[in-house]
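[1] Show me how the following folds:
(chains A and B)
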Number of protein chains: 2
Amino acid sequence: MAKHENVSLSVIRRLPRYYRFLGDLLKNGIHRISSRELSLKMGVTASQIRQDLNCFGGFGQQGYGYNVEALHKEIGSILGIDKGLDIILLGAGNLGRAIASHMSFDSRGFNLIGIFDVSEDIIGQTIRGIRVSHADTLPEFCRQRRPKVAMLCIPKNSAQEIADNLVELGIRGFWNFSHYDLALDYDNIVVENVHLGDSLMTLCYRVNEVLEQNPEGPQEKE
Amino acid sequence: MAKHENVSLSVIRRLPRYYRFLGDLLKNGIHRISSRELSLKMGVTASQIRQDLNCFGGFGQQGYGYNVEALHKEIGSILGIDKGLDIILLGAGNLGRAIASHMSFDSRGFNLIGIFDVSEDIIGQTIRGIRVSHADTLPEFCRQRRPKVAMLCIPKNSAQEIADNLVELGIRGFWNFSHYDLALDYDNIVVENVHLGDSLMTLCYRVNEVLEQNPEGPQEKE
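    Numbers count the residues shown, from 1 in each chain, chains lettered A, B, ... in the order given. Presented below is the predicted three-dimensional model:
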């Protein structure tokens, strides 16, 4: 695999989608695909796919297409999903519990190793085989287990303070579900925000727009 | 409010964040803010903010700043969150149930009016005051209540077929949590994907990158 440095975030953000599509192809028994077929399936141009993959060295052969299994494996390796980063969950309310139960962490590069909350009703429950601990035990846990990533499903008014503490405890990346944009006073800390509320409001705008422009309903594409 | 047509999707996607920041300012008793202060808080340039807002007509006065309450209200109105679109949920497993319980739909432009599943264990349960119905009753429900938006928390192998049926039943917008990119054969249908798995893999790449580049830990920003 070629060395990859200074690859833009927008290219990085497209890699998981390639990985997902290639995995689906494999499941359907497809082992070779041309960049044109792949581009049609994914709704992006073949040139975009080639450009994106060229950031990481060459794949595929001219006129011969991509080897699906090799490319899938290679993109997985670029993403680092074989490395198994330890992740902890802060906040095991409705949302935190559901995502911890629902997500396949290990197929996406993570091991969930600890869950923390402050509510006495939640502490002691078991989620995915992990007992929810009191957040007071977090410093000791981090010293022993040295997790590098934290998933935040906590109210926004406590998110900033907790994130600052977690950085002190060695956390280098956040998967942030709080309705809050973390602003960290450190370089080399990664925040991946999932703003469900923003996504819902964007949908609101877009649906109202199509309803205004085409009140009668959709037309089949030509 | 000025008429707004052909505003790019990237501008639309930034509006919810403005709305969220302005709402927080209001809660903190701040009623006037300069575009410079707002830009510092949000980590975008003042010129970007002005450009974005100019797509919807002028706001604020030169040298005088923005009226936070008026701007918050105006952006809410542009987003259409006062219109209350009816939304239904398909799939009330862990994730669907959690998001239905957790999200404030009404403050983001939606009324949740129906929840559907196919699992006998889930049908009959009550989530947020709504009884989960069998998916077989969906056609009758849609004829009577005419919801325009559906939230999909269903396995990816059934997502495409169900989405096609929902379009026939009058659904015009999808909030899609399936690990699947809906490809609809209709114009004027909106899909807002929330790919949690893709987000997690992007985080995986980025954390591994900072760990490689700075194994010792973060530095405080200067």
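
[2] Excluding chain neighbours, what is closest to residue A:72?
    Here the nearest residue to residue A:72 in space, its sequence neighbours aside, is residue A:22; by C-beta to C-beta, 6 or more residues apart in numbering or on different chains that works out to 3.9 Å. The way it works is simple: take the backbone N, C-alpha and C, and place the C-beta from them, glycine included.

[3] Go ahead and confirm that neighbour touches residue A:68.
    Yes. Contact criterion C-beta atoms under 8 Å: residue A:22 and residue A:68 qualify, at 5.5 Å.

[4] Have a look at these two and say which one is more surrounded.
    Applying other C-beta atoms under 10 Å in any protein chain shown to residue A:22 and residue A:68 shows that residue A:22 carries more neighbours, namely 24 against 21.

[5] in the strand ranked longest in chain A, what counts as buried?
    For chain A, the strand that runs over the most residues, judged by DSSP state E, is strand A:110-117. Residues A:110, A:112-117 are the ones in strand A:110-117 that count as buried (16 or more other C-beta atoms under 10 Å in any protein chain shown).

[6] With chain B in mind, check whether it reaches it.
    Yes. Judged by C-beta under 8 Å from any C-beta of the partner chain, strand A:110-117 and chain B are in contact via residue A:110.

[7] Quickly run through the sheet partners of the helix or strand just after that strand, with directions.
    Once strand A:110-117 ends, the next helix or strand along the chain (criterion: DSSP states H and E) is strand A:126-127. In its sheet, strand A:126-127 lies beside strand A:130-134 (antiparallel), with partners assigned from DSSP bridges.

[8] Now do the strand it pairs with: distance to the chain's middle.
    In terms of C-alpha atoms, centre = their mean, to the nearest Å, the centre of strand A:130-134 is set 23 Å apart from its chain centre.

[9] model confidence over it, on average?
    When pLDDT is averaged over strand A:130-134, the result is 98.

[10] quick one: contacts of that strand?
    Under the contact criterion C-beta atoms under 8 Å, 6 or more residues apart in numbering or on different chains, strand A:130-134 has outside partners A:92, A:100, A:112-118, A:122-126, A:141.

[11] What residues of it count as buried?
    Neighbour counts over strand A:130-134 (16+ other C-beta under 10 Å) mark A:130, A:132-133 as buried.

[12] Which of the three states applies to the residue of chain A lying at maximal distance from its centre?
    The outermost residue of chain A relative to its centre, with distances by C-alpha atoms, centre = their mean, is residue A:216 at 37.3 Å. Reducing the assignment to helix, strand or coil with DSSP: H, G, I helix; E, B strand; the rest coil, the entry for residue A:216 is coil.

[13] mind checking how far it is from residue A:210?
    Using C-beta to C-beta, to the nearest Å, one obtains 11 Å as the distance from residue A:216 to residue A:210.

[14] same check, this time on residue A:190
    As defined by C-beta to C-beta, residue A:190 lies at a distance of 35 Å from residue A:210.

[15] And those two? Which one has more around it.
    Applying other C-beta under 10 Å to residue A:190 and residue A:210 shows that residue A:190 carries more neighbours, namely 22 against 18.

[16] Surely the more buried one touches residue A:172?
    Yes. Counting by C-beta under 8 Å, residue A:190 sits close enough to residue A:172 to count as a contact (6.6 Å).

[17] Identify the contacts common to these two.
    The contact sets of residue A:190 and residue A:172 overlap at B:207, B:210 (C-beta under 8 Å, 6+ apart).

[18] neighbours of residue A:44, just the number please.
    Residue A:44 has 15 neighbouring residues, counting by other C-beta under 10 Å.

[19] Could you pull up the contacting residues of it?
    With contact taken as C-beta under 8 Å, 6+ apart, residue A:44 is in contact with residue A:14.

[20] did I read that right, residue A:87 in a strand?
    Yes. Residue A:87: assigned to a strand according to three-state DSSP.

[21] Model confidence for the residue nearest to residue A:72, exactly?
    Confidence at residue A:22, expressed as pLDDT, is 94.

[22] From chain B, how far off is it?
    Noted for residue A:22: a distance of 13 Å to chain B, by C-beta to the nearest C-beta, to the nearest Å.

[23] Please verify my assumption that residue A:166 contacts residue A:151.
    No. Residue A:166 is beyond contact range of residue A:151, at 10.7 Å (criterion: C-beta under 8 Å).

[24] what residue ranges in chain A score low on pLDDT?
    Scanning chain A for pLDDT under 70 picks out the ranges A:1-5, A:58, A:60-63, A:221-222.

[25] May I see the domains of it written out as residue ranges?
    Per the record's domain assignment (automatic domain parsing), chain A is made up of the domains A:9-78, A:85-198.

[26] could the ones you listed go into TSV alongside distance to residue B:199?
    Shown next, in TSV, are these (distance: least, C-beta to C-beta, whole Å):
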stretch	distance to residue B:199
domain A:9-78	8
domain A:85-198	6
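
[27] Neighbours of residue A:120, how many?
    With neighbours defined by other C-beta under 10 Å, the count for residue A:120 comes to 8.

[28] swap in residue A:28?
    Residue A:28 has 8 nearby residues by other C-beta under 10 Å.

[29] Check the one 4 residues further on too.
    With neighbours defined by other C-beta under 10 Å, the count for residue A:32 comes to 15.

[30] Run through who's touching the helix or strand harbouring residue A:139.
    Assigned by DSSP H and E, residue A:139 belongs to helix A:138-145. Contacting residues not belonging to helix A:138-145 are listed as A:86, A:88, A:90, A:113-114, A:116, A:133, A:147, A:165-166, A:169-171 [C-beta under 8 Å, 6+ apart].

[31] That's all I had, so thanks and see you.
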